[in-house]
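Q: Provided below for reference: sequence and predicted model.
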Amino acid sequence: MLRAWMARLRGAAGFVLVIATFALAGCADKQNTLAPASKQEGKISTLWWIMMTGAWIGFAVVVGLLTLGWVHRKREGLPWGGGERAATAIVIVLGTAVPLVILSTLFVYSDIFVVRSTAAPIPGTTARSVAVAGRQWFWQVRYPGTKAVTANEIHIPVRTRINVIGTTDDVIHSFWVPRLNRKIDLIPGRQNRVLVAADRPGVYRGECAEFCGLQHAHMSMQVVAEPRAQFAAWLANMAKPARAPTSAEERRGQHVFLTKACAGCHTIRGTNAHGNIGPDLTHVASRSTLAALTIPNTRDYLLRWIHDPQQFKQGAKMPSLHLTDTELDEVVAYLESLK
Amino acid sequence: MTLDVRAPEHPRVERLEQVWEARPGLLGWLTTVDHKRIGLLYFFTTLAFFAAGGLEALLVRTQLARPNAHVLPPDVFNELFTTHGVTMIFLFVIPMTIGAFGNYLVPLMIGARDMAFPRMNALSYWLFLASGIFIYVGLFMGFGPDAGWFDYVPLALKHFSPGPNVDFYALGLILNGISSTIAAINFIVTIFKLRAPGMSLNRMPLFCFAMLAVSLALIFALPALTIDAVFLELSRKLSFQFFVPGHGGDPLLWQHLFWLFAHPEVYIIVLPAFGIATSIIPTFAKRRMIAFPLVALAELLVAFIGFGVWAHHMFATGLPTITLVFFAAATLMVVIPSTIQVFAWTLTVTAGRPEFRAPLLFIGGFIVFFVIGGLSGIMFAAIPFDQATTDTYFVVAHFHFIIFGAAVFPILGGMYYWFPKVTGRMYHEGLAKLSFWVSFVGTSLTFFPMHIVGLIGMPRRVYTYPSGLGFDSYNLIETIGAYVLAVGLVMVAANLLWSRFRGPFVGPDPFFGGTLEWTIPSPPPHYNFAVIPTVSSAYPNWDEQDRAVDARKLELGELTYESGHETPTSSVRDGALDEVAEMPSESPWPIVLALCAAVALTMVLLSHYAIAGIFVGLALLALAGWHTEEPEPVA
C-alpha cells in the first residue's frame, strides 16, 4: 500500500518536472525570456541555461553533504574518514578555491563577452531609431525622421538592428521585450538606448518592468517584426495625417471628438486635436489593442472603454465623458475609420 | 545537568537579587533597562509586526492567485505590497534578530550583566516601537506607503504621490534609523568592552561576531538612508530639487543612496541569522564549528564587501558598462565568504554526530534555502542576465529565499533553541518537527515557482496579470504555498505559546550548548551571572573544569561584584579584566525622549513646524534630564 503510494508520488514529481521544463522552453511564450527571437536574447538565455546547470550541481553538492551527515549521524568524523583538519581543508577548497575558479570564468564569459551584445548599440551600426517614451500608463512611439507617432505598438523590420531611444515624460518606467533583449530603464533627464532586433517575423509582447504607480500592471506593448516592404508601407501610412471622415456618422463623430473633451488630451494629426495627455489617435484603428494591451481594439470594447475607462483601468487619466449613446456611437464610428 | 531552575542559595546571590531587582508591574516594563526585558519587548513587538506583514502578504497572494482578479483594488494592493516590504525588513527581521535575539543573548554569551548602555538600549526600543506605530497609523488611516519599499523618485515626489503616504514612509524610516544606529553603537561597545575575562576576540561566540559585523555595517549604511529620506522630505515639503533633472538634481541620486544603504541591509538581515545557525549547529552536531576563525573572518568580510555591490540593483538604469563590470566583480567577491560559511556549517553537521531536533532541522532548511537564494544571487552578477530578469518575479524568488529561507528559518530555529533558556520550559518536539516540515513545504511552494514565472516574463509589483502568458498555474501554486506556510508559522506560535504554560521544566542546559548562556539558570536572573565567568575557549560551557572553578568563586567572593549595580569591563582584544562599570538603573527618560521625538516627527508630517520645534526642544530637555540623573545610591 505504502509502496504504491510512493510510486505514485514519484510519478507525480516526474510529471511536475516535465511540465516545468515545458513551460520554461515554450508553450505560452509571448513574453518568455527563454524563448529568444534575437541573437541578443539568445545569448542571455544560453547564459541562463549554463548558470542553471552549474547551480543545480552546486546545490547537489551541499544537499549531498547534508544528507551524508544525516546517514552518518551516529558516528563522529567525516564519512570517508578524517576529522577536523580534513574538514577544514574541504571548506577551504570548496569554499574558496573552487568558487574562485568558477566565478572568474563566469565573470569573463558573461561580463566581458556576453555583456557586449546587450550594451547600447554603437551609433552608426543600426538601420534606424525608434523613440519610445514611457507615460503613466502607455507607451508613446515615434519614428525620428518621419511624422509617424503611435502608441503601444512598435513595428520594426525583421532582421534589422533598431536603436530604441527610451525616455520618460513622468516617472521611471522600464522598456522590456523579453524575447528580444534586456530591459532598459526610462529615467527623467536621460536618454537610454537599447538594441532591438528580431530574427523572425512575429509579435513580441513587452511590459513595463519598473513600478510606475497605480496602473503599472496595465502598461504593456508589443513589437511587431515584419518583412521590410510591409514595414515600409506601415510606416508610410503612420506618417500620414488622419484620413478625413467619409460618412455622415463619421463626420458627426469627428465633430463630437473635436468639441467635447477628447481633443484636450488626444492628438489626431490633420485635425484641430492637439492634446498631449493621452496616446496619439491618428491611426488608432490600425492598432490591435487599447489602453496599453489591456483590452482588444474591437468596436464593442472601444465603445465600453470610452463610456467608462475606469472600469478597465482604475486610475487611468481618461475620465468618463458622459457622452450620450448617439454621441458614443458616432465617436466610435469615427475612431474606427482611422486606419 | 541539573533540573534546578533557581539560582544557588547564597548570601552573595541574595545580595545580587536585591541590587538588581526589577521594579514590578507595568511601570517596571516602561522604565526597564534590563537587556532581557528589552529583548522580550522587542520580541513580542516584532512578532506583532510579523503577523501584520504576513497578513499583508496573504492578501497580496490572494489577489494574485488568479489572473485579472478583483480581490483588491490597485491602490490598496500597492499599499499592501509596500507596507509588507517595509514591515518585514524594518519592523520584523532586523529588530527581531538584533533587537530581540541580540539584546537577549549577547550579554549572556559574553558573560556580562547588561548591555554597555542600558538606557540607550531602552531608547532604541521605544524609538523602534514609535516608528512602527507611526507607519501603521498611516496604513490604518488609508495612507499606507504605496511607492514600493524602494520608493523610487519621481514617483515618490509630491507631484506623483500627493497624499501623505510617502511621508509616513520617509519620516517613519528616519525614526527607525535612529533607533537602529543607537542599537548598533551599543552592541559594538558591549561586544568590545564587556566580554568576560579570558574571552579574547578569537574565543568570542560566532553569534557575537555576526552581531559585531552587523552593527558596524548598520552604522555606515544607515546615514545613506537617513540622508535620502531627509532629501525626500525636503523635496516633498519644501520643494527642494535634489531629484529633479533640469534643476541640477537627478532621480538616480535617490537610487544610489537607497541601495548604498539597502544592499548592506541585505547582509544586515542575514548575518544575525548566520550567527544563530553557528550557535545551533555545534550544539546539535556535538562538536565545535569547523574552520571557526575562517567563519568569523567571513562574517566580517561579508559586511565589508557588502558596501561595494549596491549598483547591481541598477544594472538596467543605463549606467556605463565599465561601472557595471566593477559592481559585478564585487558581487562575485561577496560570494566567497558565503561559500566558506555554507561549507563550514554543512561539514560541521557531516563531521559531527548530528541530532536532528527541531532547531537543527530549521537550520538544515536554512542551508538549503540559502544555497538556492545564493546561487540565484550569483546569477545577478552576470550583467546581461540581470538586465533580463531584474524587476521580475525571478528577483522576488531570489530574495525571498534569502530573507525568508535564510533569515526567518534561523529565527524560527532560534526561537525553539533558546525557548528553554528564556522560559525554563521545553517546547513540544513532535509538533516542532511537524511545524518545520509544513513551513519547509510552504516556503518551497510559495517561492520556488516564482523563479519560473519570472523567467517566462512576469514583472514584479503588478497587482494583476492577464491570462494566456503562462503565469496562471504558477501563481495559484504560490498562493496555496503561502497559506501552507501560514499554517506552519501558526503551528510554531501555538507550540511555543502552549509550552510556555504547559511545557515540562528542563533546567538550565537541556541541549548541552557550548556558550555561556547555558551556564546560568533558566530563565536567567536579572544579574545574569552570579559569578562573572572566566573563559579559556570558544565553547566555555564544555569546559567543565572552568565552570567548577567559577562555582567555587561564589564562596570566595571573586568576580561576584555584588556590592553595587555594576559589571566588569575588559580589554578590547584579549578580554583582560579592566575597570568596573557602574550600571544605570531603571529610568523614565528613554520612553519620554522617544515620545517627544515621535510627536515632533508627527508634527513635521502635518507641516506644523513650530509645534515640531517645541517637541524637539522638549526632547532636548528630556536628554538633559537623562544626563543629570545620578545612578541610584545603593544602600
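A: Alright, I've got the coordinates.
Q: could you point out where the chain is predicted with low confidence?
A: As the question left the chain open, I've gone with chain A. Applying pLDDT under 70 to chain A flags residues A:1-28.
Q: Sorry, I should have been clearer: chain B.
A: Using pLDDT under 70, chain B drops low at B:1-8, B:629-635.
Q: tell me the centre residue of it?
A: Nearest to the geometric centre of chain B sits B:I94, at 2.4 Å (C-alpha atoms, centre = their mean).
Q: In chain A, what residue comes closest to chain B?
A: A:G189 (2.5 Å; C-beta to the nearest C-beta). All C-beta atoms are positioned from the backbone trio N, CA, C, and that covers glycine.
Q: That residue: what's its closest spatial neighbour, skipping adjacent residues?
A: Distances taken as C-beta to C-beta, 6 or more residues apart in numbering or on different chains put B:P245 closest to A:G189, at 2.5 Å, once the chain neighbours are dropped.
Q: now swap in B:A530 and tell me
A: Closest to B:A530 by C-beta to C-beta, 6+ apart is B:V13, at 5.2 Å.
Q: What are the buried residues along the host helix or strand of the one you found?
A: Per DSSP states H and E, B:V13 falls inside helix B:11-19. Across helix B:11-19, burial judged by 16 or more other C-beta atoms under 10 Å in any protein chain shown covers B:12-13, B:16, B:19.
Q: Contacts for that helix, please.
A: B:7, B:525-527, B:530, B:554, B:557, B:560, B:562-565, B:634 (C-beta atoms under 8 Å, 6 or more residues apart in numbering or on different chains).
Q: Among these, name the buried ones.
A: B:7, B:525-527, B:530, B:554, B:560, B:562, B:565.
Q: any chance of the contacts of helix B:11-19 in JSON lines, with distance to A:K30 and secondary structure too?
A: Shown next, in JSON lines, are the contacts of helix B:11-19 (distance: C-beta to C-beta, whole Å; DSSP: H, G, I helix; E, B strand; the rest coil):
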{"residue": "B:A7", "distance to A:K30": "69", "secondary structure": "coil"}
{"residue": "B:P525", "distance to A:K30": "66", "secondary structure": "coil"}
{"residue": "B:H526", "distance to A:K30": "65", "secondary structure": "coil"}
{"residue": "B:Y527", "distance to A:K30": "67", "secondary structure": "coil"}
{"residue": "B:A530", "distance to A:K30": "70", "secondary structure": "coil"}
{"residue": "B:L554", "distance to A:K30": "75", "secondary structure": "helix"}
{"residue": "B:G557", "distance to A:K30": "79", "secondary structure": "coil"}
{"residue": "B:T560", "distance to A:K30": "74", "secondary structure": "coil"}
{"residue": "B:E562", "distance to A:K30": "75", "secondary structure": "coil"}
{"residue": "B:S563", "distance to A:K30": "78", "secondary structure": "coil"}
{"residue": "B:G564", "distance to A:K30": "74", "secondary structure": "coil"}
{"residue": "B:H565", "distance to A:K30": "70", "secondary structure": "coil"}
{"residue": "B:V634", "distance to A:K30": "76", "secondary structure": "coil"}
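Q: and whichever residue of chain B sits closest to chain A, what does it touch?
A: Closest approach between chain B and chain A, counting by C-beta to the nearest C-beta: B:P245, at 2.5 Å. Each residue near B:P245 by C-beta under 8 Å, 6+ apart is listed here: A:188-190, B:251.
Q: what about it, is that helix, strand or coil?
A: Three-state call for B:P245 (DSSP: H, G, I helix; E, B strand; the rest coil): coil.
Q: what's the distance between it and B:N103?
A: Distance, B:P245 to B:N103, using C-beta to C-beta, to the nearest Å: 44 Å.
Q: And for B:R15?
A: Taken as C-beta to C-beta, the span from B:R15 to B:N103 is 26 Å.
Q: now A:R190
A: 45 Å.
Q: can you check B:V438 too?
A: Taken as C-beta to C-beta, the span from B:V438 to B:N103 is 29 Å.
Q: Which one's more surrounded, the two?
A: Per other C-beta atoms under 10 Å in any protein chain shown, whichever of B:V438 and B:N103 has more neighbours is B:N103, with 31 against 19.
Q: pretty sure the more buried one is in a strand, no?
A: No - per three-state DSSP, B:N103 lies outside any strand segment and is helix.
Q: List the contacts of it.
A: Contacts of B:N103 by C-beta under 8 Å, 6+ apart are B:35-36, B:38-39, B:42, B:115, B:121.
Q: Which parts of the chain are strands?
A: In the absence of a named chain, chain A is used. All strands of chain A, identified by DSSP state E, fall at A:128-135, A:138-142, A:149-151, A:153-157, A:162-168, A:173-176, A:183-186, A:192-196, A:202-207, A:220-226, A:267-268, A:273-274, A:289-290, A:295-296.
Q: You answered for a different chain; I wanted chain B.
A: Going by DSSP E, chain B shows strands at B:566-570, B:577-582.
Q: can you give me the helices for the stretch 101-250 of chain B?
A: Along the stretch 101-250 of chain B, counting by DSSP state H, counting those that start in this stretch, helices occupy B:103-110, B:118-140, B:165-193, B:206-238.
Q: helices or strands up against the third one?
A: What it means is helix B:165-193. Helix B:165-193 sits against helix B:74-86, helix B:103-110, helix B:118-140, helix B:206-238, helix B:589-605, with contacts defined as 3 or more C-beta pairs under 8 Å, 6 or more residues apart in numbering or on different chains; DSSP states H and E.
Q: Looking at the chain, which helix is longest?
A: Chain wasn't specified; assuming chain A. Longest helix in chain A, counting residues (DSSP state H): helix A:39-71.
Q: Please refer instead to chain B.
A: Longest helix in chain B, counting by DSSP H: helix B:251-285.
Q: How far does that helix sit from its chain's centre?
A: Chain-centre distance of helix B:251-285: 9 Å, with C-alpha atoms, centre = their mean, to the nearest Å.
Q: for that helix, packing partners?
A: helix B:94, helix B:206-238, helix B:292-305, helix B:335-351, helix B:358-379, helix B:409-423.
Q: just to revisit the earlier point, and the residue of chain B closest to chain A, how far is that from A:R190?
A: 8 Å.
Q: what's the distance between B:T283 and B:G414?
A: 12 Å.
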